[in-house]
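K.L.:
Sharing a model that was predicted from the sequence below.
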There are 2 protein chains.
Amino acid sequence: MRQPASEGLAAEMRRLAEASSDASRALSRAQPRAKDEALRAAADAIGRRAKEILAASAEDVAAARAAGQSAAYLDRLALDPKRLDGIAAALREVAALPDPVGEVTATWRRPNGLSVKKVRIPLGVVLMVYEARPNVTVDAAALCVKSGNAAILRPGSDALRSSLALAAAFAEGLAAAGLPAASAQVVPTSDREATFELLQLDDLIDLAIPRGGPSLIRAVAERSRVPVVKHYQGVCHLFLDQSAPLQQAIDLALNGKVQRPAVCNALECLLVHREAAGRLLPAVGRALVDAGVELRSCPTSTTILARAGVPAVTAAPDDYGKEFSDLILAVRVVHDLDGALDHIARYGSLHTEAILTRDLASARRFEREVTASAVMVNASTRFNDGGELGLGAEIGISTTKLHAFGPMGLAELTTQKFVVEGDGQVRS
Amino acid sequence: MRQPASEGLAAEMRRLAEASSDASRALSRAQPRAKDEALRAAADAIGRRAKEILAASAEDVAAARAAGQSAAYLDRLALDPKRLDGIAAALREVAALPDPVGEVTATWRRPNGLSVKKVRIPLGVVLMVYEARPNVTVDAAALCVKSGNAAILRPGSDALRSSLALAAAFAEGLAAAGLPAASAQVVPTSDREATFELLQLDDLIDLAIPRGGPSLIRAVAERSRVPVVKHYQGVCHLFLDQSAPLQQAIDLALNGKVQRPAVCNALECLLVHREAAGRLLPAVGRALVDAGVELRSCPTSTTILARAGVPAVTAAPDDYGKEFSDLILAVRVVHDLDGALDHIARYGSLHTEAILTRDLASARRFEREVTASAVMVNASTRFNDGGELGLGAEIGISTTKLHAFGPMGLAELTTQKFVVEGDGQVRS
């Protein structure tokens, strides 16, 4: 009896993706003005439909609470009037960004007279698979439409009601601008298999972006035939080099760990040069502990912290390489820069790595030798963000080296084709 | 009894990929001079070892002939002294290209004083899966090493002996420059499962490039957890617009179809505007037939050709969208530019599409609306090639929109990381 049901789902997902593919062709040719008008009209529609969106959100939250989800989870899931205003404002900001489609990124001539251009074009259809954050539904739809792509949006099932309500408002914006309704579709079922059916459709979907925790990322990567760009966790390190100034060490450690501990560019591990540990660790540790941070430290750092009266628990081996997403920080004293580079190569997650140093040679080696989507020299890990780096809005931060590494803005949602202009040239 | 064997293969492939991963770290830090020296020394070693390489190739060819492979297949497989010189010359050409690693592709400052750079870095480990063309072993190894990547090379089993012999010469070059032997490894078994084991290792391998026919591409895409950039077939069209000049129409059709009919940027289908069919088709068809081309034409074109005494057979429905890889060309009269665009959207393979026109509006619409890695206006499809477009050497032509679309040269074998330089900035 299950076979027909599953075939029904597969057929349904294919129809949905076909509609996206058709919409993507219209979107790829849409005028910038039409796309921007759609986003602004969607922002207006969210304002008009606030009541029903918040009602849907309340149902999502009630169901998730009844299912025993944590307070932090419910907080990410919940919408309120202020958050809704933020979502609408983000739409208007994306509308105001330059259109990436048609941008000529390079042009040159060949000895035989051919003119060659590289021109940005949309990817086509983008499948976004994410967790229970309904704002992602609108952010991703806006970035996809602006970059000429059709979006298939697959929120965590706990956020389905609010996502569908937001998508209905977004559809009003599309309609107002004369763009196809299928330009942004929320998968209208919480059946887990729907995601896997979509991930088979490499003839219709050009890119899958899973954004979330390990199990989501792994499931998508294992079962997708569609190309995947992962937005995976950040296990971000700050290395305090021998010459690190104390006050900046405190500032960068606090900003990295305390400002928003649950985000992917938050700090998870502090590495300290052994020659600077006695000078830096007591005050840095004290500032962190005073801000409510639990330190999990190596034997050497535990000794130094204890001598200064700063509480710390001994780190377990798996505290290195862990994304705590909480006010917890691993601490380790390393022999030197090489020790820090080795630790990061072993435990880092290719997301964001930072050094604090006054030494030019250390800065240059760290810049060159660390593989991560963003390498920070004397700056907080928290700057690895599309807005902070100047890309405008972002759909997330890629930890896949292919296609886009780091924050993905509008340009990263496009590809480039070659356009060659001649006057009858043939190859000899 | 099969379980242990398979576990043995899996463990063996993991060890091989681990060695590649270790080598990739050394390569990513190698000086440009060392990499170039390795390639030049490898070219010398191929010259010195010519006798044993040609002996290995002769064994490959004898075995493939005994297995009943076609003459065209044996021709692609065979090495001779002239081809070996060509392989060595290609190594020296790659050595002479600029090093892509460390190139700063963009740099800007943020209002808070942060300097942001985008810097090219190697991808890491590249797995190349290809068919029985032993020259690809050396070409791919050279491009990977030059771009700081370790290469795992998986030739078709018929080319294994010659590929191993070439790899031994390449390894001499690596040793001469002090680079790790595992910088370029040929998978030393013809067991088909080895490929699939490698495609599971997304913790060690950063990119898989399958280059070949439909069954190879499909098998890799279906079973890979490693990101895949496909180098798939080219079903390339030339559209003769109403205003197409006759002599150029003949030139482009002949160059596209006849010069090298078996390559991916060869022409497979000629589309002709119905208002120009009577003027163009007789002479274009005659020139093609005189060059040995079999025409498979739609009813309208068959009538026009027959009236001019040009032989043609009626096209079967599946002659459209087919890569003939031979002196066969599908021909179709279309209503207008829209008819050509629809035909290409339906039957094209995203590879190369060309228009011949004098009309500005037609040229602009074709440029904008055709999705293909290269769009040619008044130029032969045969120009979609890394060398012809000015990228230097290429590892192949990507038909995947993600990461690199079109010819993949050295730059396309890298990714970019953000490097952010501050003086203690934190995020507010």
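P.N.:
Nice, I can see it.

K.L.:
Can you give the distance from the longest strand belonging to chain A to the centre of its chain?
P.N.:
If each strand of chain A is counted by residues according to DSSP state E, the longest one is strand A:414-425. Its chain's C-alpha centre and that of strand A:414-425 lie 33 Å apart, by CA atoms, centre = their mean, to the nearest Å.

K.L.:
is chain B contacted by the helix or strand residue A:252 falls within?
P.N.:
Using DSSP states H and E, residue A:252 sits in helix A:246-258. Yes: against chain B, helix A:246-258 shows contacts by CB under 8 Å from any CB of the partner chain at A:247, A:248, A:251, A:252, A:254, A:255. C-beta coordinates here come from the backbone N, C-alpha and C atoms, glycine included.

K.L.:
Which residue ranges make up each domain of chain A?
P.N.:
Domain segmentation of chain A under automatic domain parsing yields A:2-232+A:404-421, A:236-389.

K.L.:
Dump these into CSV; add mean neighbour count and distance to residue B:421 as well.
P.N.:
Below are these laid out as CSV (neighbours: other CB atoms under 10 Å in any protein chain shown; distance: least, CB to CB, whole Å):
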stretch, mean neighbour count, distance to residue B:421
domain A:2-232+A:404-421, 20, 15
domain A:236-389, 20, 5
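
K.L.:
can you map out the strands along the stretch 251-400 of chain A?
P.N.:
Secondary structure of the stretch 251-400 of chain A (DSSP state E, counting those that start in this stretch): strands at A:267-273, A:294-297, A:313-314, A:328-334, A:352-356, A:374-379, A:396-398.

K.L.:
The last one: what's the following helix or strand?
P.N.:
Once strand A:396-398 ends, the next helix or strand along the chain (criterion: DSSP H and E) is strand A:406-408.

K.L.:
chain center to that next one: distance?
P.N.:
Here the centre of strand A:406-408 is set off from its chain's centre by 7 Å, with CA atoms, centre = their mean.

K.L.:
circling back to that earlier point, what mean pLDDT does the longest strand of chain A get?
P.N.:
The pLDDT scores in strand A:414-425 average 98.

K.L.:
Please apply the same query to stretch A:49-56.
P.N.:
If you average the pLDDT over stretch A:49-56, you get 98.

K.L.:
Kindly report the same for stretch A:318-333.
P.N.:
In the prediction, stretch A:318-333 has an average pLDDT of 96.

K.L.:
quick one: residue A:390 and residue B:116 touch, right?
P.N.:
Yes: between residue A:390 and residue B:116 there is a contact at 6.5 Å, judged by CB atoms under 8 Å.

K.L.:
who touches both of the two?
P.N.:
Common contacts of residue A:390 and residue B:116 (CB atoms under 8 Å, 6 or more residues apart in numbering or on different chains): B:108, B:110.

K.L.:
So which elements touch the longest strand of chain A?
P.N.:
Helices and strands touching strand A:414-425, by 3 or more CB pairs under 8 Å, 6 or more residues apart in numbering or on different chains; DSSP states H and E, are strand A:115-122, helix B:246-258, strand B:374-379, strand B:406-408.

K.L.:
Same list, those, but as JSON lines with mean pLDDT and distance to residue B:367 please.
P.N.:
JSON lines is the format used below for these (pLDDT from 0 to 100; distance: least, CB to CB, whole Å):
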{"stretch": "strand A:115-122", "mean pLDDT": "98", "distance to residue B:367": "8"}
{"stretch": "helix B:246-258", "mean pLDDT": "98", "distance to residue B:367": "16"}
{"stretch": "strand B:374-379", "mean pLDDT": "98", "distance to residue B:367": "6"}
{"stretch": "strand B:406-408", "mean pLDDT": "96", "distance to residue B:367": "15"}
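
K.L.:
Need these in CSV (columns: distance to residue B:109).
P.N.:
Shown next, in CSV, are those (distance: least, CB to CB, whole Å):
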stretch, distance to residue B:109
strand A:115-122, 24
helix B:246-258, 48
strand B:374-379, 36
strand B:406-408, 32
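
K.L.:
what's the closest of those to residue A:235?
P.N.:
Closest approach to residue A:235 among these (CB to CB): strand B:406-408, 31.0 Å.

K.L.:
residue contacts, the closest residue to residue A:313 other than its chain neighbours?
P.N.:
Nearest residue to residue A:313 in three dimensions, chain neighbours excluded: residue A:296, at 5.6 Å (CB to CB, 6 or more residues apart in numbering or on different chains). If you count contacts by CB under 8 Å, 6+ apart, residue A:296 has them with A:312, A:313, A:314, A:315, A:316, A:319, A:328, A:329, A:330, A:331.

K.L.:
so who does the residue nearest to residue A:418 when sequence neighbours are not counted touch?
P.N.:
Distances taken as CB to CB, 6+ apart place residue B:374 nearest to residue A:418, at 4.1 Å, with adjacent residues excluded. By CB under 8 Å, 6+ apart, residue B:374 lies in contact with A:417, A:418, A:419, A:420, B:351, B:352, B:353, B:381, B:383, B:384, B:389, B:406.

K.L.:
my read: the last one touches residue A:418, true?
P.N.:
Looking back up the chat, that one is residue B:406. Yes: with contact defined as CB under 8 Å, residue B:406 reaches residue A:418; the gap is 5.1 Å.

K.L.:
Show me whatever sits in contact with both of these two.
P.N.:
B:373, B:374, B:384, B:389.

K.L.:
Quick check: the two most widely separated of these?
P.N.:
Farthest apart among the shared contacts of residue B:406 and residue A:418 by CB to CB are B:373 and B:389. That separation is 10.5 Å.

K.L.:
residues shared between the contacts of those two?
P.N.:
Counting by CB under 8 Å, 6+ apart, the common neighbours of residue B:373 and residue B:389 are A:418, B:406, B:407.

K.L.:
how far away is the last one from residue A:107?
P.N.:
Taking CB to CB, to the nearest Å as the measure, residue B:407 falls 16 Å from residue A:107.

K.L.:
And the second one, by the same measure?
P.N.:
To residue A:107, residue B:406 is 15 Å away according to CB to CB.

K.L.:
hang on, the earlier thing: and the shared contacts of residue B:373 and residue B:389 as TSV, adding distance to residue B:112?
P.N.:
Shown next, in TSV, are these (distance: CB to CB, whole Å):
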residue	distance to residue B:112
A:418	38
B:406	38
B:407	40
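
K.L.:
CA atoms only: put stretch A:387-400 into CSV for me.
P.N.:
Extracted in CSV, the C-alpha atoms of stretch A:387-400 (Å, rounded to 0.1, in the frame of the first residue of the first chain):
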residue,chain,number,x,y,z
GLY,A,387,26.1,42.4,5.4
GLU,A,388,29.2,43.1,7.4
LEU,A,389,31.5,42.2,4.5
GLY,A,390,29.6,44.5,2.2
LEU,A,391,27.8,41.9,0.0
GLY,A,392,24.4,43.2,0.9
ALA,A,393,22.0,40.5,2.1
GLU,A,394,23.1,36.9,2.2
ILE,A,395,21.2,33.6,1.9
GLY,A,396,23.7,32.0,4.3
ILE,A,397,27.4,31.2,4.7
SER,A,398,28.7,28.4,2.5
THR,A,399,31.2,25.9,4.0
THR,A,400,31.5,24.1,0.7
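
K.L.:
Of the shared contacts of residue B:373 and residue B:389, which is the nearest to residue B:39?
P.N.:
Nearest member of those to residue B:39, counting by CB to CB, is residue B:407, at 19.8 Å.
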